[in-house]
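[1] have a look; sequence and predicted model below, questions after that.
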Amino acid sequence: MDILTNLSLGFSIALSPYTLMLAVVGCFLGTIIGALPGLGPSNGVAILIPLTFTLGLDATSALVLMTAVYYGAMYGGRISSILLNIPGDEPALFTTLDGYPMAKAGRAGDALVISGVASFVGALLATIGLMLLAPMLARVAYLFGPSEYFALYLLAFCTLGGMASNNQAKAAIASCIGLGIAMIGVDNTSGMPRLTGGNLHLYDGVDFLVAIVGLFAVAEVFFFIESHGKESSIGVKLEKVSVPWKEIILTRWVMLRASAVGFIAGILPGAGASLGSFLAYMTEKSIAGEKGGFGTGVAKGIAAPEAGNNAAAGGALVPMLTLGVPGSGTTAVLLALLMTLNITPGPTLFTDRPEVVWGLIASLLIANFVLLLMNVPMVKIFVRVLQVPPAILLPGVTMISFIGIYSLSGSYFDLLLMIVFGILGYVLRKLDIPTVPVILGILLGGNMEDALRRAMVISDGDGWYLFSSPIAIGLWVAAVLGFIAPMFLRGFLKKPQRVTD
Amino acid sequence: MASDRIFGLVMAVVALAYIASAFQIQVSFLSDPVGPKTFPIIIGIVAALSSMFLVFRPDPEPEWPAAKTFGALAVAVTVLVLYAYSLRPLGFLLPTAIAAAVLSYQIAPRPRYAAIAGICLSGGLFLIFKYALGLGLVPFPAGLSG
Amino acid sequence: MKARIFKLFLVSALLGLGVSIKAHAAECIAPANPGGGWDFTCRQIGKIMYDIGAVDKPVQVTNMAGAGGGLAYNHVVAERNDDADLIVAASSATSTRLAQNAYAGMTADRVRFVGAIGADPGVIVVAKNSPFNSLGDLIGAIKAKPGSVTFAGGSATGGFDHMKPLMLLQRAGFTDIRKVKYISLDGGADAITQTIGGFTQAMTGDMSEVVGFLKAGEIRVLAVLTEKRIPGFESIPTAKEQGFDVVAVNWRGLYVPKGVSDDTFNIWAGRLQKVADSAEWKAAMAANGLAPFTKVGGDFQSYIDEVVAEVRKLSKELGVIQ
């Protein structure tokens, strides 16, 4: 067995008491970084890269530490989503939808355990997928040209209507706000700035982290000032933390399906973990139907996005390692780390430097197990966050957000922008307009436009080019179905769900 | 009812302004078939249409807070804006302590408790970010620490 | 809870994991997000400077993304003009944008360019099963039917990658350059993927971006845009020997603020020269497909002036700027 030989090579490199210790430390730091709003996996890894130099780590140890931080941050993002309705990073956005309602019902511990197990399953399956299929899967990227990407993004936006509030128009407005913001900045295709008002800070567009932290964390503070901490998850009487075996077993198929969806989304460069968890959530929501109660705090609604985003994080490593194309912001940073270690990912990496690839895979497996073991007992610590009085917790979260964003660019402009997003978030939520589509619009809007314009350059403006491959046509059909289905289903639905709560 | 209508109207106006500014986008010599204007204009039109829909089919009125609460929110926004501007010139510790204390007071109005919370948060967060995460934060005004 | 996490942090800090950045350690600004060429320059040069003892503390890398490097440029000019501990990563993209007035009208003489210590040669690449066997074939096909070839590249329209095929075509006597189709992707690797997938006919980029794909046999390099063939890749012909006299390399180097003393400038130039001479840098260059290209000190400043003048002239001819 080739794989077993390779894997034992990997473990012989990555498994030693010292690297295990590094993995534990990395997982811990990563979890904390992921949980802090504004500090996501990408800046987490970026911040800690200098640490590997200061400690004088060799390539393998550096890789172990950084993959541990990477996976730790992916795990950690869910914690603040569930406890405070503030996503720690963008892929954890969809975990707020069911995680927070569950925490409000006093089941924060259960939500954390379920999401932890789902993360583990997603990450484990993705690592196995990476191990078995990476060289083959790399070819999938060759099948996706501009028209295929355009159809993929279209699919995401068409299914948004089905998730959002009881008023379709409100979901549409929210998406448009996000898309409109995504247009700001230097236009990739023409190289000219658009809609910036001449402001240099806006040339690179609006950073989605600024938007997330503003719309969620800052807006949350405004709500607390209004309500003085009532009607939130904080201070809710907690049930005893136990492992909810029944619900975990109940969600086994959800986790498997969501992992598959997330992994595929992760493989496609440019789609990334957010799209992975979103598609996983939407798939499970439509499978469960109205009786599934998605959005009200059900186990499946937590398991799906978490398995999805962790699987996507693993999937994103496929194009990064085999093509040198980073599928997400975080893999871009890992790519940078590899390059500073004089390792250039590309099609020959698997054959040229097997020790690097299999060492990395082994460290992913190690990190994953460490995280599972660490997370379940640590849930008891995390849920106690909710016992901290809001008058300390909320100012703390705000200050952390400010520092996190400030560390991105060192400019007060982003901070002001974040406050504006906070006010916007407050108004939108008051009016029952969902904020999730705003983020998705900012994340994917630019890519969607770029894909369309590239397709039109290639085809000299011939619209039929958008339907020129079976993959593109398949995605278009799915998109149209995703858009129309909720309209027909609407007649059968008695009480539409609120997700903006 | 009224809130949704007002919001719909405001958004419609914003969308029209957005479309107008999209028409002003500079087009370079080497343009592509779609051009930099098309997509923003489409977004503006969709936004305007959905906003008008909201004007005619509004949802029930949400529960707005009393005028006094709006005052408190305005104070919070002002504090945060001032905080954003003061981080660089005044260093980390002092502005953070003040901003955190004000927010704390606004959530639970107990002055001494808020002051202590502000000072502890400021000091604690500084230690965490500076020493555990290695961010290059400046603790004091530039003139003092050199 | 807060207290407990805090204690854990303190413990980890005491374990030696906490890194305190001293006030006077040198800082290298990478004017882009982690992962790109500028980030590589800062991290690699900073690491080697520390490893070979040219600086006594690790160089702290700050990422300051914005406006294609313009935000960092403005920041240095406006706020750090006399900071002796500051270096900033630069490349051909920096000089191209300065030449095209893309840094809000800032000119190249607002900072001091210390030097370049390596260059990434420009390449024109096709998929392995492409009908084009030489640069002449490709250029001929475009001259006959401009719409039949789309180039993919990692820089924005009007950027350095876009300029390369246009310069070649201009030398070949093709003047209707607005008919040449180019799509900009999020990086060289993305552009290659699209070309191998058959969505675009050719890719324009840097050598380092294509090395892996070349070794894997997925692509063919039609031409490299250097004076001479590159060591290690002797089988690839230059554009010059195929009759298209274009040299375009993406140099990697540094600039420092304008207001520093001549002594400081010379210290940095000396440190950079040490890095250029080190075995570590040679290994890093080889691993990343960079060709030797060392110009340090006053020499480099005049090179920059030349390049900026040439790109400005070309951009006007091409209609990228008025």
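    Now that the structure is in, tell me what you want to look at.

[2] if we ignore the residues flanking it in sequence, what's nearest residue 69?
    Using chain A here. Sequence neighbours aside, A:Gly30 is the residue nearest to A:Val69 in space, at 3.9 Å (criterion: CB to CB, 6 or more residues apart in numbering or on different chains). In short, each C-beta sits where N, CA and C put it, glycine included.

[3] meant chain C actually
    C:Pro31 (3.8 Å).

[4] what sits against the one you found?
    Taking CB atoms under 8 Å, 6 or more residues apart in numbering or on different chains, we find C:Pro31 in contact with C:38, C:64-66, C:68-73, C:88-89, C:94.

[5] make it 7 Å
    Contact analysis of C:Pro31 by CB atoms under 7 Å, 6 or more residues apart in numbering or on different chains lists C:Trp38, C:Met64, C:Ala65, C:Gly69, C:Leu71, C:Ala72, C:Val88, C:Ala89.

[6] A:Leu416: which of these is nearest?
    Lowest distance from A:Leu416 to those (CB to CB) belongs to C:Leu71, with 15.6 Å.

[7] distance of that closest one from A:Ser401?
    Distance of C:Leu71 to A:Ser401, given as CB to CB, to the nearest Å: 21 Å.

[8] mind checking pLDDT for B:Thr45?
    Not quite, residue B:45 is Ile, not Thr. Per-residue pLDDT puts B:Ile45 at 94.

[9] and it, which helix or strand is it part of?
    According to DSSP states H and E, B:Ile45 maps onto helix B:35-56.

[10] what does that helix contact?
    Residues from elsewhere that reach helix B:35-56 (CB under 7 Å, 6+ apart): A:169-170, A:172-173, A:176, A:179-180, A:183, A:187, A:189-190, A:192, A:194-195, A:449, B:4-5, B:7-9, B:11-12, B:15-16, B:18-19, B:22-23, B:25, B:27.

[11] with adjacent residues omitted, what lies nearest to A:Gly129?
    Distance criterion CB to CB, 6+ apart; nearest residue to A:Gly129, sequence neighbours excluded, is A:Phe263 at 5.4 Å.

[12] in terms of helices and strands, where is that neighbour?
    Applying DSSP H and E, one finds A:Phe263 within helix A:252-267.

[13] counting by contacts, list what that helix packs against.
    Packing partners of helix A:252-267 (3 or more CB pairs under 7 Å, 6 or more residues apart in numbering or on different chains; DSSP states H and E): helix A:108-137, helix A:272-288, helix A:299-315.

[14] out of these, point me to the one whose mean pLDDT is lowest.
    Lowest mean pLDDT of the helices and strands packed on helix A:252-267: helix A:272-288, a mean of 82.

[15] could you identify the longest helix within chain C?
    helix C:298-318 (DSSP state H).

[16] C-alpha coordinates for it, CSV please?
    Provided in CSV are the C-alpha atoms of helix C:298-318 (Å, rounded to 0.1, in the frame of the first residue of the first chain):
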residue,chain,number,x,y,z
GLY,C,298,23.2,54.6,-6.8
ASP,C,299,23.3,52.3,-9.7
PHE,C,300,19.8,51.1,-9.0
GLN,C,301,18.3,54.6,-8.7
SER,C,302,19.3,55.4,-12.3
TYR,C,303,18.0,52.1,-13.5
ILE,C,304,14.6,52.9,-11.9
ASP,C,305,14.5,56.4,-13.5
GLU,C,306,15.2,54.7,-16.9
VAL,C,307,12.5,52.1,-16.4
VAL,C,308,9.9,54.6,-15.2
ALA,C,309,10.6,56.8,-18.3
GLU,C,310,10.2,53.8,-20.6
VAL,C,311,7.0,52.4,-19.1
ARG,C,312,5.5,55.9,-19.1
LYS,C,313,6.2,56.3,-22.8
LEU,C,314,4.9,52.9,-23.5
SER,C,315,1.7,53.3,-21.4
LYS,C,316,1.0,56.5,-23.4
GLU,C,317,1.5,54.7,-26.7
LEU,C,318,-0.8,51.9,-25.5
